[in-house]
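Asker: All I have is the shape, not the residue letters:
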């Protein structure tokens, strides 16, 4: 996994890009990522016992994040939110695996619970880029 500094830097870059160039869907997805990151920091277990059992606080944050991404996917006419919601659902599987297999190593559980955020960031950036270029193309067509 990438260091927390790199993760937070990526989060800031993705959110800034989405807020500057995205439509409502991209901005909302980026805001969900920011809020979920902050909420996760608040609910994590103490370092000594972190990820040794099911992280109920993180599970709840991830479930609410899944709900947010799913709502975006249900109301938009774009395809990328389906991928984001699907990857967040995959994140939920990490919690299920830990609940079923309590012997799962804390590092493996933590990695599985955090891995899919990076492809989610990439999809938000690509969705924002496509939306921005589509809007520019449409505005040029209207003015011509």
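Answerer: The structure has been received and is ready for your questions. The structure presented is a predicted model; accordingly, all values stated were derived computationally and were not measured.
Asker: ok, for residue 91, nearest residue in space, not its chain neighbours?
Answerer: Excluding the flanking residues, the one nearest residue 91 by C-beta to C-beta, 6 or more residues apart in numbering is residue 116, at 4.8 Å. Yep, even glycine has a C-beta here, placed from its N, CA and C like the rest.
Asker: is it true that that neighbour touches residue 89?
Answerer: No: look at residue 116 against residue 89 with C-beta atoms under 8 Å: they stay out of range, at 9.1 Å.
Asker: Compare the two and say which is more crowded by neighbours.
Answerer: Of the pair residue 116 and residue 89, residue 116 is the one with more neighbours under other C-beta atoms under 10 Å, namely 20 against 14.
Asker: Need the pLDDT of that one.
Answerer: pLDDT recorded at residue 116 is 95.
Asker: do the one 3 residues further on as well
Answerer: As summarised for this prediction, residue 119 has a pLDDT of 98.
Asker: neighbours of it, just the number please.
Answerer: 13.
Asker: returning to what we had before: any figure for the gap between the residue nearest to residue 91 and residue 82?
Answerer: Per C-beta to C-beta, to the nearest Å, residue 116 is found 14 Å from residue 82.
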